[in-house]
Structure formats: C-alpha cells, structure tokens
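1. structure here, sequence nowhere to be found:
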C-alpha cells in the first residue's frame, strides 16, 4: 500500500494574491536590488508527512491541491489539482537555482525523516516552483506577482527605496508606476527613458524601468 505525503503550509496564500518585492533606485548610485529569497507573500513554508505519487515528492510535472492550511500532492487528473511543479530543487532558495520566470509561487519543503525518526530524511529540504493549472498566473509578465521580477512586470514605490509588483492592467490594490522594459548586464545599457533600476538576478541582472 502506497504511503501519502502531505505538505503542512505555515503561510498558505493563493497565488492570485502573491506579490514580489524588490529594492530600486532612480539614480546611478548603487544597484537596484531584488532579494535573493522570495518575500513571505510569495512563498509557502511547508513540512512533509507520509504519501507518494512518484519517486520524488512534488517532483517536476506533479501537481498539488490548494487548501486553507495545507497543500497536498494529488494526481494531475484529479479535480483537486490546482498547480503543477515546473521545477524542483533541493536546499534553500537563497543557495539554489532561481525558479523559472513563469513561476506563480514557491513551496518550501522541509526535510522529512523516516517513520522511526532515524537516519537521513526520506525527503530532503528543498523547494518546488509552482505554476497554476488555470489563470490567473501572477508569474506571467505584468501579472502582478510571482517570486521573480521579470521584463514586462510593473511595480510601484512602497517607500524607503522599495518597490513591489502590481498588475500592469491596474487590477491590483495599487496602481502601477513603472514597467520593467528591458533586462541588461549594466545600467549603462538601459534606454535613455529609464527612470528606475531593479536588480533582477541571472545573466542580465539589471532591470530598466520606465514610468507608465
């Protein structure tokens, strides 16, 4: 008989409410900054308990359900399936690869030991990059959320040099003030119309944003 694994979520938020947060600057002093860890509003901390629809808990292409207090691995054909794993990594988000640009939200998975509590964890500590099976997709360009800021996203100033993502179509709680129109290696490569610089990470870490 197959065991089942369940993810207990400390911070369970619907992906539609997920927002990214970054620091930014409109001057040429210092880099705009996007935190290495996704903000609390864009991640879900999870612990694991007995299951298994595959050799890896919440492996790539496996699905989870949404719940008010937990996410459970379910078959992707299930009526309860709500999001699919598009990438899965062991370790901490801050130490591992970034999630794909279209990630809607991130599940942090705690290590789970054997039933007797002896030996190495059956499931290693890691994180799953999730994509909703149906819209909305906050991780899409202009969607207003997701763990990463990407080209096509819109942001607004939240004070103290910080900016947060919001939907470009104005459907979010805050209206957009800037749109990231280009990702470049250095600020000098941004268009002349650039009014804000946001650190995106990756091979082209500088986001060039203009007023909207």
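-> That came through fine. Nothing here was measured: the structure is a model prediction, and the numbers come from that model. Residues are numbered from 1 along each chain as shown.
2. thought residue 110 was touching residue 125?
-> Yes: with contacts counted by Cβ atoms under 8 Å, residue 110 reaches residue 125, the gap being 6.0 Å. Placement of C-beta: from N, CA and C, glycine included.
3. what's the burial count for the residue lying closest to residue 191 once chain neighbours are set aside?
-> Excluding the flanking residues, the one nearest residue 191 by Cβ to Cβ, 6 or more residues apart in numbering is residue 208, at 6.0 Å. Residues within reach of residue 208, counting by other Cβ atoms under 10 Å, total 25.
4. now do the contacts for residue 208.
-> Neighbour list for residue 208: 180, 181, 182, 183, 184, 187, 189, 190, 191, 194, 197 [criterion: Cβ atoms under 8 Å, 6 or more residues apart in numbering].
5. give me the neighbour count for residue 79.
-> 8.
6. what's it sitting at in phi/psi?
-> Main-chain dihedrals, residue 79, degrees, to the nearest 10: phi -70, psi -20.
7. show me where pLDDT drops low in the chain?
-> 1-55, 67-70, 113-121 (pLDDT under 70).
8. what about 80?
-> Scanning the chain with the threshold set as pLDDT under 80 gives 1-56, 67-71, 112-122, 160, 201.
9. who's more crowded, residue 110 and residue 125?
-> residue 110 (17 against 14).
10. export the contacts of residue 208 to a markdown table and append columns for neighbour count and distance to residue 151.
-> Supplementary listing: these in a markdown table, determined by neighbours: other Cβ atoms under 10 Å; distance: Cβ to Cβ, whole Å:
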| residue | neighbour count | distance to residue 151 |
| --- | --- | --- |
| 180 | 30 | 5 |
| 181 | 17 | 7 |
| 182 | 15 | 6 |
| 183 | 20 | 5 |
| 184 | 17 | 10 |
| 187 | 15 | 15 |
| 189 | 13 | 13 |
| 190 | 20 | 12 |
| 191 | 10 | 12 |
| 194 | 21 | 13 |
| 197 | 24 | 13 |
